[in-house]
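[1] need a 3D model of the sequence below.
(chains A and B)
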2 protein chains.
Amino acid sequence: MALDGVRALVFDVFGTVVDWRSGVAREAAPFLARHAPGTDPAAFADAWRRRYQPAMEAVRSGQRPFTRLDVLHRENLEAVLPDFGIDPVRVEAAELDELNLAWHRLDPWPDSVAGLTRLKARYIIAPLSNGNIILMTDMAKRAGLPWDCILGAEVARAYKPSPEAYLRTAEVLAMRPEEVCLVAAHNGDLAAARRCGLRTAFVPRPTEHGPGQAKDLSPAEEWDAVAPDFGALAAGLGL
Amino acid sequence: MALDGVRALVFDVFGTVVDWRSGVAREAAPFLARHAPGTDPAAFADAWRRRYQPAMEAVRSGQRPFTRLDVLHRENLEAVLPDFGIDPVRVEAAELDELNLAWHRLDPWPDSVAGLTRLKARYIIAPLSNGNIILMTDMAKRAGLPWDCILGAEVARAYKPSPEAYLRTAEVLAMRPEEVCLVAAHNGDLAAARRCGLRTAFVPRPTEHGPGQAKDLSPAEEWDAVAPDFGALAAGLGL
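    Numbering: from 1, shown residues only, chains lettered A, B, ... in the order given. Predicted structure coming up:
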């Protein structure tokens, strides 16, 4: 693995560090049992998540000013409820606010905390997520993710894969892009980071989208590092 | 101590969490021995620091766009060298860059790490410093400061005591101002935070400016909490 000169590892989080699908399904289950009995919570998680990229695209395209992900998630929640036969107007706002915090309470993959702890011994480690600062902070505190700082879309005021998300993160770290390596389970994220000059490490998460996942099962380019999990990444880097 | 409803403790750092004067003097000593033998390193630290508020005032007043503290420190370093008989043009830029990192390598007061660790059990803890993100991150990693996230001027794009520095920090935390408490050794910082609706905790650091310090030895207002150190603050809050 060739990460010579790298001083910071920045991580995609949803899917790469934490299992968003199971977590959102678990958090949504009691809500669905009350308001739409019989609904598959995983299908609900998938539907909520499908509105994630379009919502960010409105920011990326300049249609709306930068708006943090908690706000987009909350809007997307109201938008998705009718698909499951729930009228959002008939649900207490406080109940929706609480459900929206599902994204703050996602569990890490089994190797994440131990792997990050090893990587932290040599590198600055930080999320470079589209999730906002308090979302990442709550998640880290609950799950024990040992970040050195919280970076990402809200600090950069830009959503991945916009180049500014990567370049401003390097700028905040006072590093050249090639001193920063993105670790991600998504080939598209890595490709965007590489176009900005960052180094790249691919860690596949073959059950992010549940059983039968078809994409991001293997590296689409020759990334600087490839490892099956964070522990193997640390081992490959001699940690 | 009345901090009911507070969910996050945000900290002034230079002077409150770390001893900047001793640290900068220690880091500058070898440089001064080479370039200005006989100079008192503590006097050099004081002189460098005296240019801190005027440099930020240029940003606060709108004279220049937000510029992170590492850049201001570097400009101030060049400006202060002639006062000690050093021509900055005759010093390698890399040597000045290195000396500028003195601010990344400050030691915490003896109670800081243990106290923060106790406070972290109940509260989100974060710096609300005028120091920039990588400065705070390097400092925390070296000193073991267990921050949950790095907030402050660079995230808020405003320098204390501008109201935006406090209000945007609460906004990023998705909290009402009264759910956030500033912990600081400086009455002026606490007064500005209080005007924004934040709660306030005063922890005096009577040797921040060396022996003979005359200011900030005692609370200037009835702050919500007052404690002689972070351990006592934690104890006063039942932690």
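[2] from memory A:Thr117 sits against A:Pro146, does it?
    Yes: between A:Thr117 and A:Pro146 there is a contact at 5.5 Å, judged by C-beta atoms under 8 Å. No exception for glycine: its C-beta is placed from N, CA and C like everyone else's.
[3] how is chain A divided into domains?
    For chain A, the structural domains run A:8-19+A:106-236, A:20-104, going by automatic domain parsing.
[4] give me the contact status of the last one with chain B.
    Yes: Domain A:20-104 reaches chain B (C-beta under 8 Å from any C-beta of the partner chain) through A:Asp70.
[5] now that domain: how far from the chain's centre is it?
    Computed by C-alpha atoms, centre = their mean, to the nearest Å, the chain-centroid distance of domain A:20-104 equals 16 Å.
[6] what of stretch A:139-155?
    Counting by C-alpha atoms, centre = their mean, stretch A:139-155 comes out at 11 Å from the chain centroid.
[7] can you put the domains of chain A in JSON lines and add mean neighbour count and mean pLDDT?
    Formatted as JSON lines, the domains of chain A follow (neighbours: other C-beta atoms under 10 Å in any protein chain shown; pLDDT from 0 to 100):
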{"stretch": "domain A:8-19+A:106-236", "mean neighbour count": "21", "mean pLDDT": "98"}
{"stretch": "domain A:20-104", "mean neighbour count": "16", "mean pLDDT": "97"}
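[8] and those domains as TSV, adding distance to B:Leu135?
    Putting the domains of chain A into TSV (distance: least, C-beta to C-beta, whole Å) gives the following:
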stretch	distance to B:Leu135
domain A:8-19+A:106-236	9
domain A:20-104	24
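[9] nearest to B:Gln213, out of the ones you listed?
    domain A:8-19+A:106-236 (31.2 Å; C-beta to C-beta).
[10] what is the end-to-end distance of the closest one?
    By C-alpha to C-alpha, to the nearest Å, the extent of domain A:8-19+A:106-236 from end to end equals 16 Å.
[11] stretch A:154-164 too?
    Start-to-end, stretch A:154-164 (C-alpha to C-alpha) is 11 Å.
[12] helices of chain A, residue ranges please.
    For chain A, helices defined by DSSP state H occupy the ranges A:20-35, A:41-50, A:52-60, A:69-80, A:93-100, A:112-120, A:133-143, A:153-156, A:163-172, A:187-195, A:230-236.
[13] do the shortest one and chain B meet?
    Yes: Helix A:153-156 lies in contact with chain B when judged by C-beta under 8 Å from any C-beta; the contacting residues are A:Glu154, A:Val155.
[14] quick check: the residue of chain A positioned farthest from its centre vs A:Glu78, distance?
    Using C-alpha atoms, centre = their mean, the residue of chain A lying farthest from its centre is A:Arg90. It sits 30.7 Å away. The spacing between A:Arg90 and A:Glu78, counted by C-beta to C-beta, to the nearest Å, is 12 Å.
[15] got it, and A:Asp229?
    36 Å.
[16] then A:Gly236?
    Note on A:Gly236: its distance to A:Glu78, by C-beta to C-beta, is 44 Å.
[17] contacts only, for A:Met136.
    A:Met136 is in contact with A:Val13, A:Pro127, A:Ser129, A:Trp147, A:Ile150, A:Gly152, B:Cys149, counting by C-beta atoms under 8 Å, 6 or more residues apart in numbering or on different chains.
[18] which residues does the closest residue in space to the first one that isn't next to it in sequence bridge with?
    Okay, so that is A:Val13. Excluding its sequence neighbours, the residue lying closest to A:Val13 (C-beta to C-beta, 6 or more residues apart in numbering or on different chains) is A:Ser129, at 3.8 Å. Under DSSP bridges, the beta-bridge partners of A:Ser129 are A:Gly152.
[19] quick one: A:Ser129 from chain B, how far?
    In this view, A:Ser129 and chain B are 12 Å apart by C-beta to the nearest C-beta, to the nearest Å.
[20] separation between that residue and A:Asp70?
    Plainly put, A:Ser129 is 12 Å away from A:Asp70 if you go by C-beta to C-beta.
[21] next: A:Ala102.
    Distance of A:Ala102 to A:Asp70, computed by C-beta to C-beta: 11 Å.
[22] same question, A:Ala174
    28 Å.
[23] and A:Ala29, by the same measure?
    According to C-beta to C-beta, A:Ala29 and A:Asp70 sit 21 Å apart.
[24] likewise for A:Ala227?
    In terms of C-beta to C-beta, A:Ala227 sits 31 Å off from A:Asp70.
[25] got the end-to-end distance for stretch A:62-69?
    By C-alpha to C-alpha, the extent of stretch A:62-69 from end to end equals 16 Å.
[26] give me the residues contacting it.
    Residues from elsewhere that reach stretch A:62-69 (C-beta under 8 Å, 6+ apart): A:56, A:58-59, A:103, A:130-133, A:135, A:153-154, A:157-158.
[27] possible to save those as CSV with distance to B:Val113?
    Output for those, formatted as CSV (distance: C-beta to C-beta, whole Å):
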residue, distance to B:Val113
A:Met56, 38
A:Ala58, 43
A:Val59, 39
A:Trp103, 31
A:Asn130, 32
A:Gly131, 28
A:Asn132, 28
A:Ile133, 23
A:Leu135, 27
A:Ala153, 31
A:Glu154, 27
A:Arg157, 32
A:Ala158, 34
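[28] which among these gets closest to B:Ala33?
    Scanning these for proximity to B:Ala33, where the rule is C-beta to C-beta, the winner is A:Ile133, at 42.2 Å.
[29] so what's that closest one up against?
    Contact analysis of A:Ile133 by C-beta under 8 Å, 6+ apart lists A:Arg68, A:Ile150, A:Gly152, A:Glu154, A:Val155, B:Cys149, B:Leu151, B:Val155, B:Val172, B:Leu173.
[30] so A:Ala140 touches A:Asp148, yeah?
    No: taking C-beta under 8 Å as the definition, A:Ala140 is not a contact partner of A:Asp148, at 10.7 Å.
[31] what do these two both touch?
    Counting by C-beta under 8 Å, 6+ apart, nothing touches both A:Ala140 and A:Asp148.
[32] one step back: got JSON lines for the helices of chain A, with distance to B:Cys196 too?
    Formatted as JSON lines, the helices of chain A follow (distance: least, C-beta to C-beta, whole Å):
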{"stretch": "helix A:20-35", "distance to B:Cys196": "33"}
{"stretch": "helix A:41-50", "distance to B:Cys196": "35"}
{"stretch": "helix A:52-60", "distance to B:Cys196": "28"}
{"stretch": "helix A:69-80", "distance to B:Cys196": "22"}
{"stretch": "helix A:93-100", "distance to B:Cys196": "24"}
{"stretch": "helix A:112-120", "distance to B:Cys196": "34"}
{"stretch": "helix A:133-143", "distance to B:Cys196": "18"}
{"stretch": "helix A:153-156", "distance to B:Cys196": "20"}
{"stretch": "helix A:163-172", "distance to B:Cys196": "25"}
{"stretch": "helix A:187-195", "distance to B:Cys196": "37"}
{"stretch": "helix A:230-236", "distance to B:Cys196": "40"}
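[33] those: which one's closest to B:Arg50?
    Comparison of the helices of chain A against B:Arg50 by C-beta to C-beta identifies helix A:163-172 as nearest, at 27.2 Å.
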